[in-house]
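S.K.: Just a sequence and a predicted model for now, questions to come.
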Amino acid sequence: MKKGLSLGDLPSSLSVCCGPRGLERMSFGVSVPNPVLVDGWPSRETTEREIAAMRNALSAMLGRPIAGTASLFPWGSVFAGFNERDVCAAAGLTYLLGS
């Protein structure tokens with residue numbers, strides 16, 4: 001029996017951001033098998049594999065491809081790509097909140 005959180009059958013992490021009006025954003029991370037590390041951090045190749053895995057899993061769940069950096073939905077957006085500022089893979093959902 002598997003324990004813990006998974007995304008696309010890969011071990012994953014989840015963080016949530018709540019504001020005064022409720023849930024605003026959820027972010028995901030995955031652990032791919034056999035990661036290549038550079039000074040203890042995922043290499044660009046490993047990061048690209050993480051992004052591809054998250055895009056594939058989110059696309060399968062939502063029934064349409066995650067195009068480019070983000071795909072828009074009536075309820076918000078889904079993103080998966082490289083975060084230049086933090087130099088890492090980033091994926092998640094951002095919700096539109098009513099006024």
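M.R.: Now that the structure is in, tell me what you want to look at. Numbering: from 1, shown residues only.

S.K.: okay, and the helix or strand of this structure with the least pLDDT?
M.R.: Least confident helix or strand, the chain: strand 70-73 with a mean of 87, by mean pLDDT, DSSP states H and E.

S.K.: Helices along the chain, start to end?
M.R.: With DSSP state H, the ranges of helices along the chain come out as 44-62.

S.K.: tell me which strands and helices the least confident helix or strand of the chain is in contact with?
M.R.: strand 76-83 (3 or more Cβ pairs under 8 Å, 6 or more residues apart in numbering; DSSP states H and E). All C-beta spots, glycine's among them, are computed from the backbone N, C-alpha and C.

S.K.: And the closest residue to residue 18 other than its chain neighbours, what's its pLDDT?
M.R.: For residue 18, ignoring the flanking residues on the chain, the nearest one in space by Cβ to Cβ, 6 or more residues apart in numbering is residue 24 at 6.4 Å. Note for residue 24: predicted pLDDT of 90.

S.K.: circling back: got the buried residues for the least confident helix or strand of the chain?
M.R.: Neighbour-count burial for strand 70-73, with 16 or more other Cβ atoms under 10 Å as criterion, is recorded at 70, 71.
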